[in-house]
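> Sequence and predicted structure are below.
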Amino acid sequence: MNFAIRAKGAPARVVRALAPAMAAMALIGGLAQAAPARADESKWPVRPIRLVLPFPPGGGTDTLARIMAPKLSDILGQPIVVDNRAGASGNIATDIVAKADPDGYTVLMGFNTALTMNPSLFKNLPFDVQRDFKPVTMLAAAQYVLVVNPALPVHTVQELIALAKSRPGQLNYSSSGPGSPLHLAGELFKARTGTDIAHIPYKGGGPATIGLLGGQAQLMFGSVSAVMPHVKEGKLRALAVTGMKRSDVAPDLPTLDQSGLPGFNVTSWYGLLVPAKTPDAIVAKLAAAAQKVIQQPDVRDAMAKQGLELSIDTPQEFAQTIKTETATWADLIHKMNIKAE
């Protein structure tokens, strides 16, 4: 407010005398205008919340979201509307939330492919994950399983490495496509073991598994839900899981870390994120509600059927996971010249 402006005919000394009072009134008016925003924040949520998913209906992410949504609604007292925005390897959904108002009413159920791999696979993304988002909490994670066709004469990871080194370029591994987690897991395995194994990309995990079953490929990194039924039937042989601890779903399998590849850690995970300027109070309330839901027995049972395991953390821990994984994949993608096609 410009206090040099005065009413017609008012003496300058009067305006000067009133200036402090007018300034105080302006300050009070500004605080009054700000008060509703603080009140809305403290009462959040007061209307439906939009949960944006980067996948179509029917997949593991969608299943998890629809199990959680009514339970989150019960806790928060507002409807949770699941909005499937598939496409562009998760970039469409991620961009929608990055550009949403930071008011807690647009939430992303993020997947690590879009959050930690895509920044290095795609040029000129319209968002920056670490700048444009505030992590809320990780929810669930799934390990991959290193499996081989039973015709391959190996029963351990070290036997596989030895065979691959004795037959450079002669073994193939299948994946769900260029730039996919299954592809990157295979390339990380090659880089860590110094082996030359050819990549056969398929259009999805299902076709990649069929290729392995048919002998077009000799090995692959597959999701627990996709490959373990074939392992139980003897159609595939499992050698190890890709996380840093044994899987609850397949506890008899060693990790690759335990199999001679220290620090090998490739998992898929899901977590909630909101636009970067969302108030911390809203983030804390959403995190507490989501963590309460994800630990309920029926939710954990439903997750187990999808090969998912409970994985919750603080917003700060989640942010660090994103930062660390982004750097790991950036290094590998650059060294191996991997491109999303």
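Yes, it's here. Numbers count the residues shown, from 1 in each chain.

> So M68 sits against Q295, correct?
No - the pair formed by M68 and Q295 falls short of the contact definition of Cβ atoms under 8 Å, at 11.3 Å. C-beta: built from backbone N, CA, C; applies to glycine.

> more crowded one of the two?
Each of M68 and Q295 had its neighbours counted (other Cβ atoms under 10 Å), and the higher figure belongs to M68 (25 against 11).

> Look up the closest residue to the more buried one, ignoring the ones flanking it.
Of all residues not flanking M68 in the chain, V293 sits nearest, at 5.2 Å (Cβ to Cβ, 6 or more residues apart in numbering).

> quick one: secondary structure of that neighbour?
Applying DSSP: H, G, I helix; E, B strand; the rest coil to V293 yields a three-state assignment of helix.

> Renumber starting at 85 from here on
Yep, numbering from 85; the last one is V377 now.

> Which pLDDT value goes with it?
On the pLDDT scale, V377 is placed at 96.

> Number of residues surrounding it?
20.

> what sits against it?
Remark: with contacts taken as Cβ atoms under 8 Å, 6 or more residues apart in numbering, V377 is in contact with 152, 155-156, 159, 383.

> top of these by neighbour count?
By neighbour count, taken as other Cβ under 10 Å, the most surrounded of those turns out to be M152 (25 neighbours).

> What is the most widely separated pair among the contacts of V377?
For the contacts of V377, the maximum inter-member distance is 12.4 Å, found between I159 and V383 (Cβ to Cβ).

> Buried residues in the longest strand along the chain, which are they?
For the chain, the strand that runs over the most residues, judged by DSSP state E, is strand 217-232. The neighbour-count criterion (16 or more other Cβ atoms under 10 Å) identifies 217-232 as the buried residues of strand 217-232.

> and the angle from the strand or helix carrying M304 to strand 217-232?
Per DSSP states H and E: M304 is located in strand 303-307. Orientation check (axes from the mean of the first three to the mean of the last three Cα atoms, to 10 degrees): strand 303-307 against strand 217-232 gives 140 degrees.

> Now do the following helix or strand past strand 303-307: everything it contacts.
Toward the C-terminus, strand 303-307 is succeeded by helix 308-316 as the next helix or strand (DSSP H and E). By Cβ under 8 Å, 6+ apart, the residues outside helix 308-316 that reach it are 144, 226-229, 231, 289-290, 293, 297, 304, 320-322, 325, 331, 333-334, 389-391.
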